[in-house]
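Engineer: predicted coordinates and the sequence they were generated for:
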Amino acid sequence: MEQLLQRIVEGIETLLQGQENLCRTVFTLQEGQDELRRGQEELRNGQRQLWQGQDELRRGQEELRNGQGQLWQGQDELRRGQGELRNGQRQLWQGQDELRRGQEELRRGQERLEERMTKLEVRMESEIIDRIRGLFDGRQLVLDALARIEERLAAHQERLDRHTSEMLGLRIRKQPGS
């Protein structure tokens with residue numbers, strides 16, 4: 001009987017140890033479950049952040065598309081500007097040709113002059129050329145100002161025509177029998 005009790009006590013002790021082990025295992029499982037819950041929450045947060053990042057990337061992509069469109073517009077403007085520069089360059093070349101022809105004429109005239117008058121003539125011609133350039137520049141300014149005046153005059157004429165039409169319309173309405 002003692003042996004039986006001894007075995008029962010040993011069995012109970014084994015059961016108690018097993019129960020303690022089971023409790024530790026349950027506790028460990030609960031801790032693992034808590035860690036899994038925290039990990040799941042972190043994954044959800046990470047997923048939200050990924051969605052936000054995806055939205056930011058989409059917005060960035062749209063901004064890049066807009067920027068690309070603006071670059072294309074700028075490129076078109078640069079092409080137009082380049083065409084205008086080429087036209088200006090052609091005009092400068094034409095002006096340069098005219099200046100060369102004028103310079104050649106001055107050289108021929110200079111060769112005809114007497115040697116003692118050469119220095120005086122050269123100085124006078126350079127002053128005259130500067131004055132002619134000044135006159136051409138002044139002429140261009142006057143032409144530009146005249147063009148602006150003509151534009152303003154046309155605008156005023158349109159207003160006068162419009163007011164005249166309105167006044168005629170009012171007179172026609174005021175006439176008896178209308």
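Structural biologist: Arrived safely, thanks for sending.

Engineer: next, work out how far apart the residue positioned nearest the centre of the chain and Arg173 are.
Structural biologist: By C-alpha atoms, centre = their mean, the chain has its centre lying nearest to Gln70, at 5.6 Å. Noted for Gln70: a distance of 53 Å to Arg173, by C-beta to C-beta, to the nearest Å. Yep, even glycine has a C-beta here, placed from its N, CA and C like the rest.

Engineer: next one: Glu158
Structural biologist: 23 Å.

Engineer: check which helix or strand covers Val6.
Structural biologist: Residue 6: Gln, not Val. Assigned by DSSP states H and E, Gln6 belongs to helix 2-112.

Engineer: check which element follows that helix along the chain.
Structural biologist: Next along from helix 2-112, by DSSP H and E: helix 118-174.

Engineer: next, the angle from that next one to helix 2-112.
Structural biologist: 110 degrees (axes from the mean of the first three to the mean of the last three C-alpha atoms, to 10 degrees).

Engineer: what packs against the helix or strand bottoming out on mean pLDDT in the chain?
Structural biologist: The helix or strand of the chain with the poorest confidence is helix 118-174; it has a mean of 87 (mean pLDDT, DSSP states H and E). Under the contact criterion of 3 or more C-beta pairs under 8 Å, 6 or more residues apart in numbering; DSSP states H and E, helix 118-174 touches helix 2-112.
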